[in-house]
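In: Below is the structure, and that's it, no one-letter string:
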């Protein structure tokens, strides 16, 4: 009788440990996905910002060249 209760307790303990391990692995997997998503979003934001800076730089250079042409033709 005692051995039967011990085996049930042992099985319940194993099931509980397995469920806790699964829960921890699931939480870690979700955390990894969230971190990857955050880093991907951050990387995309950096790409967008650098693209905007490059575009503004090209635009400024265009207007500088335009102004230099106008000043050159006026003189």
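Out: Ah, there it is. It should be emphasised that the depicted structure is a prediction, and the values quoted were computed from it without experimental measurement.
In: can you give me the strands in the protein?
Out: In the chain, no segments count as strands under DSSP state E.
In: Any regions of it where pLDDT drops low?
Out: 1-17, 19-20, 22-23, 26, 28, 30-36, 75 (pLDDT under 70).
In: switch to 50 and redo it
Out: Scanning the chain with the threshold set as pLDDT under 50 gives 1-2, 4.
In: Could I get the full set of helices for it?
Out: 2-74 (DSSP state H).
In: State the distance from residue 69 to residue 63.
Out: Distance from residue 69 to residue 63, counting by C-beta to C-beta, to the nearest Å: 11 Å. Any C-beta I mention is one placed from the backbone N, CA and C, and that applies to glycine too.
In: anything in contact with each of those two?
Out: Listed contacts common to residue 69 and residue 63 are nil; contacts here mean C-beta atoms under 8 Å, 6 or more residues apart in numbering.
In: how deep is residue 58 tucked in, by neighbour count?
Out: By the criterion of other C-beta atoms under 10 Å, residue 58 has 10 neighbours.
In: Now do the contacts for it.
Out: Taking C-beta under 8 Å, 6+ apart, we find residue 58 in contact with no residue.
In: Ok, the one 10 residues further on next?
Out: Taking C-beta under 8 Å, 6+ apart, we find residue 68 in contact with no residue.
In: any idea how far it lies from residue 60?
Out: Per C-beta to C-beta, residue 68 is found 12 Å from residue 60.
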